[in-house]
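>>> test case, fold it:
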Amino acid sequence: MKLNCLREKTEKPVVMILGLGSVGTYLLDYLLGSGECFQVVVVGRTLEKMEMDVNIVRIGALIRGKNRSEVLIENNIDFNNIDQLGQVMKKYKPDFIINTSRAYSGLKYGSISWNAIRAYGIWTPLAIKYIRNIMEAYKLADINAIVINTSYSDAVIPWLKSAGKSYPDFGSGNLNHLIPRIQFAAAKKEGIKDYWNIEVMFATAHFHDVVISKEGHTEGIPQLLRIFYQGRELLLNQDELFIDCKIPMPTDAKRNMMNASSNFAIIQSILKAIREKNTKRLFSPGAFGEIGGYPVVVDGAEQKAYIDESVFSMEEMRKANRKSIALDGVEDVIDGMLVYTDALLEKVENAFLVKLPKYVPYEKIDETAEMIIQTIIIPQTRLKV
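Okay, here's the model as predicted:
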């Protein structure tokens, strides 16, 4: 239904970016720099900051001779105000909604959690906080936009679905950050010059994106990965391959170029599939409410999207993702409830002297998120000052 509606509006797609931090600003740059004619609506709180970010992107894209888009700003928008969000959505009737907002802005959560507990799942209540409100607003607005979420979709989208709520169509980032590293590493080992033609089939969750990218290993968990080039499979040793995936990368806001690129690639893949009436493969954490990350096919001719089972079965992919996300501290997402692993609870208590609840019901998202902010984030950021 959504792809069918989008097909009728491919002349000037309307993209709404919710939150204009570094991910949102990079995404705006990629949209305006693509040469495509978009109407982009940026939604946030502070007009002065958004105007500056929008203007530098607009000018830069026009210097390059690429800007053909219109950018509109909606400021003073409170992401805790569902009615206000719904009114903005209804006003513009976007074709794509990209959530780049964060419950605690200006902080890379992993800068606290990775060295201390080696798990990101602790932040799930914060990651779901605003997208929960956005999806409630989406329902009120009664629109057919394709929604992409940027923050920990491996667990967030399944949590929304398990609670019987509206949920995003796609997640961005995560395993998308690792696939290009695999292409580069495979090309290096095989002496392949056109690395962009290397095809990767992969299913894994957030933990392995991080541990492979940062440390070049899998924590002893074999990955569900196959690599192809010109119709033949490249039979490469995973351990050796992943060592080459550990490459120097910035740890500041520049790192968000990857997440923004993932959002842009999803938008571009969908538009191309519809316009060309063919299929495009992309990768999505939280696809269709499934835990972890999956290959997804967008079929523009049939106007549908589905998880690609051409190489791996659904059972294989679910099993691989469960193993990965458990190492991130998420035992399960079921019946509207996030379930932390016992290992995570122990690590958090040892590292931060905080007792997390084993179970977080949907109704206690705000309470738990605030507890994490007050007892972990604020004390830890003070220590770094």
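>>> could you measure the residue sitting nearest the centre point of the chain against residue 257, distance?
Note on the chain: the residue nearest the mean C-alpha position is residue 172, at 2.7 Å, using C-alpha atoms, centre = their mean. Residue 172 is 12 Å from residue 257, where distance means C-beta to C-beta, to the nearest Å. For the C-beta atoms, the positions are set from N, CA and C on the backbone; glycine is no exception.
>>> go on, residue 325?
Residue 325 is 25 Å from residue 257, by C-beta to C-beta.
>>> ok now the biggest helix by length in the chain, how far from the chain's centre?
Across the chain, the longest stretch assigned as helix under DSSP state H is helix 257-276. Centroid separation for helix 257-276 versus its chain: 13 Å, with C-alpha atoms, centre = their mean, to the nearest Å.
>>> next: stretch 156-165.
Stretch 156-165 sits 15 Å away from the centroid of its parent chain (C-alpha atoms, centre = their mean).
>>> same question for stretch 152-170.
On C-alpha atoms, centre = their mean, the centre of stretch 152-170 falls 12 Å from that of its chain.
>>> cool, stretch 377-385 as well?
Taking mean C-alpha positions (C-alpha atoms, centre = their mean), stretch 377-385 and its chain are 26 Å apart.
>>> repeat for stretch 233-252
21 Å.
>>> stretch 117-137 now?
Taking mean C-alpha positions (C-alpha atoms, centre = their mean), stretch 117-137 and its chain are 11 Å apart.
>>> now do stretch 175-194
On C-alpha atoms, centre = their mean, the centre of stretch 175-194 falls 21 Å from that of its chain.
>>> all numbers from here: first residue = 28
I'll keep to 28 as the first residue from here, and by that count the last item is stretch 202-221.
>>> could you dump that stretch to PDB, C-alpha only?
C-alpha atoms of stretch 202-221 as PDB (Å, rounded to 0.1, in the frame of the first residue of the first chain):
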ATOM      1  CA  LEU A 202      24.900  -3.800  10.000                       C
ATOM      2  CA  ASN A 203      25.000  -1.300   7.100                       C
ATOM      3  CA  HIS A 204      28.200   0.100   8.600                       C
ATOM      4  CA  LEU A 205      29.900  -3.200   8.400                       C
ATOM      5  CA  ILE A 206      28.900  -4.400   4.900                       C
ATOM      6  CA  PRO A 207      31.200  -1.900   3.100                       C
ATOM      7  CA  ARG A 208      34.100  -2.900   5.400                       C
ATOM      8  CA  ILE A 209      33.500  -6.500   4.300                       C
ATOM      9  CA  GLN A 210      33.500  -5.500   0.600                       C
ATOM     10  CA  PHE A 211      36.800  -3.600   1.000                       C
ATOM     11  CA  ALA A 212      38.300  -6.500   3.000                       C
ATOM     12  CA  ALA A 213      37.200  -9.100   0.500                       C
ATOM     13  CA  ALA A 214      38.400  -7.000  -2.400                       C
ATOM     14  CA  LYS A 215      41.800  -6.700  -0.800                       C
ATOM     15  CA  LYS A 216      42.200 -10.400  -0.200                       C
ATOM     16  CA  GLU A 217      41.000 -11.400  -3.700                       C
ATOM     17  CA  GLY A 218      42.700  -8.500  -5.600                       C
ATOM     18  CA  ILE A 219      39.300  -7.200  -6.900                       C
ATOM     19  CA  LYS A 220      39.400  -3.700  -8.200                       C
ATOM     20  CA  ASP A 221      35.600  -3.100  -8.600                       C
END
